[in-house]
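S.K.: Sequence first, then the predicted structure:
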Amino acid sequence: MSKVGVAQTTTAGATALEQREESATNTTAEAAIEEWRNVGACLAPIIGARGVDVLFSHALHQTAALFPWLVMSAKHKSSDALLPILKARLASQEAAIALEANLALRLAFMKLLASLIGHSLTQRLLGPLWTVALQAIEPEPHDE
């Protein structure tokens, strides 16, 4: 095979790999946004849409300390405005980084919610959605 043939094969392989990575990242971003919409639908009847927006914005602000590319403009306050931006930002990262950032965001959100309504109620409300994240914030048992 000539050098040109090897270069074309290598380029085609790299392009296919990039397309798979882009597809995985887009799938990750879409799944994350769907999760956040489900959380909003679950919590809005209890704490109100504005309450969900405030918690989400605060959790996003906390998470941006670890993932600076998540910093959002202060003018975007509602989930309706933030979710499309979050989706685009997650999609712009590698899939593993997007997953890690979304998990950090979920943990920050859950901690904030648990600090307001308690761990038990948080677990009952969001348990079906986020079992793994809930386990990460379980309170330590008290020694007696």
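M.R.: Received the coordinates, thanks.
S.K.: Show me what the strand or helix carrying residue 104 is packed against.
M.R.: Using DSSP states H and E, the element containing residue 104 is helix 95-117. In terms of contacts (3 or more CB pairs under 8 Å, 6 or more residues apart in numbering; DSSP states H and E), helix 95-117 is packed against helix 3-63, helix 79-91, helix 119-126, helix 131-136. For every residue, glycine as well, the C-beta is placed using N, CA and C.
S.K.: how about low-confidence regions in this protein?
M.R.: Along the chain, segments meeting pLDDT under 70 span 1-25, 76, 129-144.
S.K.: Any idea which residue is closest to the centre of it?
M.R.: The centroid of the chain falls nearest to residue 102 when counting by CA atoms, centre = their mean (2.4 Å).
S.K.: OK, contacts around the residue nearest to it when sequence neighbours are not counted?
M.R.: Once flanking residues are discounted, residue 102 sits nearest to residue 32: 4.4 Å by CB to CB, 6 or more residues apart in numbering. Residue 32 sits next to 86, 87, 90, 98, 102 when contact means CB atoms under 8 Å, 6 or more residues apart in numbering.
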